[in-house]
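Trainee: sequence unknown, structure follows:
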RNA sequence: GGAUCUUUGGCAGAGUUGGUCGAAUGCACCGGUCUUGAAAACCGGCGAGGGUCAUACCUCCCAGGGUUCGAAUCCCUGAGGGUCCA
């Protein structure tokens, strides 16, 4: 949720920033008007309510003194009707405003580059050099089938397209990666948490997936619960509606969960292989931070994710997302893209965002800053997507005969 | 699944014959006195959101409805927690 007071105070400035993210100026204008209307409606209601409260107090006095109350009651009854109307109007305005405001994305930071899509993202640096192959490297699905690691057909049989099954070393590698990543993150000061895979509407509103992106979520039929699209949702919302002490910050957490996405807008993209699945494993980093140090923690998170790839000897690059590629809740995002020799390109494997107080405002996560309460900053990032890491290992560690070497760092996790 | 109790400020915990209750008290926290400094002791402040230059004022005692001039307090529904029974 954007800061409505800020929008009101600096309408020009904020709308200019949001325009970079493709927000219609007319929408903002509407929000501003609704906000004004709400204030008027509120004032009207409050005036009536104040009168009502005063009269009710008088009522008590009359009763005690044994005075005649019939006249007062008539007045109060009449006022009551007007209050009901005023309240209804206020509620309506409130709803209208919320509907509009909840659909506005976060304000991008000034240093976020302008751009349409991922092609306009800005590369910050490359880590490790892709190795030269003396043969044409295969793509991961071929390698996966060759080694019997992943069975795509049987995943479809069990569920539907974009589901797969891992066997043998494929399955073991996934588990090894999860443990490796969790341990790595923990050593960097992120506390491990284990959270529900189903969450309610409020949690998803808190982190910004709802109300705008319901079509990409799996929803339970008999209860208002959704499968999580990322651990960011349950972990960030752990502290929803809470006022934390300043000493409690930062909360740095890591969690492994399965993630579930309908990929509604991705028809035809990455239909082959396990780059884009409806269910996938991910180890996530989440931080609840004092605004003053959120950027420092952001850098730590990027470094941690990058270091995991380095430890796995996987070449990657770090890119700064442009406005067009920036997610709904993020003020700025850094992606890490891993080198896939089979595809001959870098592909996203981690996405790390600082949402600043955008989610905190929605989820009402605050902290006591000496006297006053302030919204925290929330950050999240993958560290890492497990399936894609497996893909990267397959493609980068393949041999000419299709066999695949195991990165040294993982061997202890495989009893090797 | 049934019965019953319960849900209050950062935490703990009063308040349920409806009206000076936004709410005692303790802890925590902040400011001060004392001290070389700290602790202890003592004094003062201290729920949240909106509104205002600041007051006033409005809303909030799990959520949603209802009764009433008036509800933290009564009634209904739902959610969470405890206990007992299946």
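Mentor: Sure, I can see it. For clarity, every value in this text was computed on a predicted model and none was experimentally measured.
Trainee: What is the burial count for residue A:403?
Mentor: Counted by other CB atoms under 10 Å, the residues lying close to residue A:403 total 11. (C-beta placed from N, C-alpha, C; glycine too.)
Trainee: Please read the previous query as pertaining to residue A:412.
Mentor: Quick note: residue A:412 (other CB under 10 Å) scores 12 neighbours.
Trainee: roughly how far apart are it and RNA strand B?
Mentor: Using CB to the nearest atom of the strand, to the nearest Å, residue A:412 is found at 38 Å from RNA strand B.
Trainee: roughly how far apart are that residue and residue A:190?
Mentor: Distance, residue A:412 to residue A:190, by CB to CB, to the nearest Å: 20 Å.
Trainee: Same check on residue A:7?
Mentor: Counting by CB to CB, the gap from residue A:7 to residue A:190 is 34 Å.
Trainee: Show me which of these two is the more surrounded one.
Mentor: residue A:190 (24 against 20).
Trainee: so who does that one touch?
Mentor: A:252, A:253, A:254, A:285, A:287, A:304 (CB atoms under 8 Å, 6 or more residues apart in numbering).
Trainee: domain ranges for chain A?
Mentor: A:4-102, A:118-414 (automatic domain parsing).
Trainee: most packed of those domains?
Mentor: domain A:118-414 (a mean of 19; mean count of other CB atoms under 10 Å).
Trainee: what's the span of it, first residue to last?
Mentor: Length of domain A:118-414, first residue to last, CA to CA, to the nearest Å: 36 Å.
Trainee: and if you look at stretch A:213-224?
Mentor: Stretch A:213-224 has an end-to-end distance of 15 Å (criterion: CA to CA).
Trainee: ok, residues contacting it?
Mentor: Counting by CB under 8 Å, 6+ apart, A:198, A:200-201, A:204, A:209-210, A:225-227, A:229, A:260-265, A:328 sit against stretch A:213-224.
Trainee: Could you rerun that using 6 Å?
Mentor: A:201, A:226, A:227, A:260, A:261, A:262, A:264 (CB atoms under 6 Å, 6 or more residues apart in numbering).
Trainee: now do stretch A:350-366
Mentor: For stretch A:350-366, contacts defined as CB under 6 Å, 6+ apart pick out A:1, A:106, A:206-207, A:237, A:239-241, A:243, A:294, A:298, A:301-302, A:305, A:329-336, A:373, A:375-382, A:384.
Trainee: Among the residues you listed, which lie within helices?
Mentor: A:206, A:207, A:294, A:298, A:301, A:302, A:305 (DSSP state H).
Trainee: Enumerate every residue touching the third one.
Mentor: Right, the one you point to is residue A:294. Contacts of residue A:294 (CB under 6 Å, 6+ apart): A:354, A:377.
Trainee: please redo it, this time with the cut-off set to 8 Å
Mentor: Residue A:294 touches A:287, A:354, A:356, A:377, A:379, counting by CB under 8 Å, 6+ apart.
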